[in-house]
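A.B. asks: Pasting the sequence and the predicted coordinates here, then a few questions.
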Amino acid sequence: MQLSVNNDIYHALGERWYTAQDNPVALLRAESRLRNPWAAEQLHARFSGRKLRILDVGCGGGFLSNHLAGQGHTVTGLDFAADALRVARQYDATGRVAYIQGNAFRLPFPDGTFDAVCALDFLEHVEQPELAIREAARVLVPGGGFIFYTFNRNWLAWLVAIKGVEWFVRNTPPNLHVLRMFIKPGELTSMCARSGLAVETVQGMAPVVFSAAFRKLLTHHTVADSFAFRLTRSTRLSYIGFARKIQDGQLSL
């Protein structure tokens, strides 16, 4: 029988989105401390520092949406979990993020609504990631940016991102991640190309293992606030990247 990913955890975290150390959501917070600045820097550099209309698909508790809104962008956060959206609104210091409950396969926006769409730690949680990418491309303006983060599909990702989290992080539910739903970088590049998106850069991400926080994870099964991730050349574990919607008159690969 084919395993399905278990997304139930995202419906009942409440304040634990921002406070829990004995839950895998703490790893999401740690990842966001690296991913948020990376995404913001990419957008700043590639769009000459102008303020953008941004959609954050699968926004969860608002880690990225609230960060980008704090930099002056006009941000919409979309998620299927009402509880996550409630917490995201609560932690929006700007009070300007438009948080809406919706379906990533049928985005409730006209074509060309956004300058950038982000999908971080989301694509490996849905059965049809290419459909979500196609919808993201649809609502982008020509030349708009698509930022993604997901896990590679191989034995290392299975060992670290699936079994390692199950073994060493308390309260990890079964099937939080499923290996068959991880996406190889070449596959994601092809999905993007079929949706009119050209991948321009990809970088790997990995936990900082030589640290007191990593040792605490192994011994106490909790994720300290100092737990950190780093960018790497290798994409074997997970990767973050930027793609651009092909402008009219350009040829896709």
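C.D. replies: Received the coordinates, thanks.
A.B. asks: any idea where the strands of the stretch 51-200 of the chain begin and end?
C.D. replies: Along the stretch 51-200 of the chain, counting by DSSP state E, counting those that start in this stretch, strands occupy 53-57, 74-79, 98-101, 114-120, 140-151, 197-207.
A.B. asks: Against which helices or strands is the first one packed?
C.D. replies: Translated: strand 53-57. helix 63-70, strand 74-79, strand 114-120, helix 129-138 (3 or more CB pairs under 8 Å, 6 or more residues apart in numbering; DSSP states H and E). For every residue, glycine as well, the C-beta is placed using N, CA and C.
A.B. asks: Now with 7 Å, please.
C.D. replies: helix 63-70, strand 74-79, strand 114-120 (3 or more CB pairs under 7 Å, 6 or more residues apart in numbering; DSSP states H and E).
A.B. asks: try the third one
C.D. replies: In terms of contacts (3+ CB pairs under 7 Å, 6+ apart), strand 98-101 is packed against strand 74-79, helix 82-90.
A.B. asks: Now mean pLDDT and mean neighbour count too, for the ones you listed, in TSV please.
C.D. replies: Below are the helices and strands packed on strand 98-101 laid out as TSV (pLDDT from 0 to 100; neighbours: other CB atoms under 10 Å):
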stretch	mean pLDDT	mean neighbour count
strand 74-79	98	24
helix 82-90	98	18
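A.B. asks: Taking strand 140-151 as reference, get the angle to the longest helix along the chain.
C.D. replies: Identified as the longest helix of the chain according to DSSP state H is helix 25-46. Taking axes from the mean of the first three to the mean of the last three CA atoms, to 10 degrees, helix 25-46 and strand 140-151 form an angle of 140 degrees between their directions.
A.B. asks: how about helix 25-46: buried residues?
C.D. replies: Within helix 25-46, the residues that count as buried by 16 or more other CB atoms under 10 Å are 25-32, 34-36, 38-40, 42-43, 46.
A.B. asks: quick revisit: make TSV out of the helices and strands packed on strand 53-57 and add distance to Val169.
C.D. replies: Listed next are the helices and strands packed on strand 53-57 as TSV, based on distance: least, CB to CB, whole Å:
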stretch	distance to Val169
helix 63-70	18
strand 74-79	22
strand 114-120	19
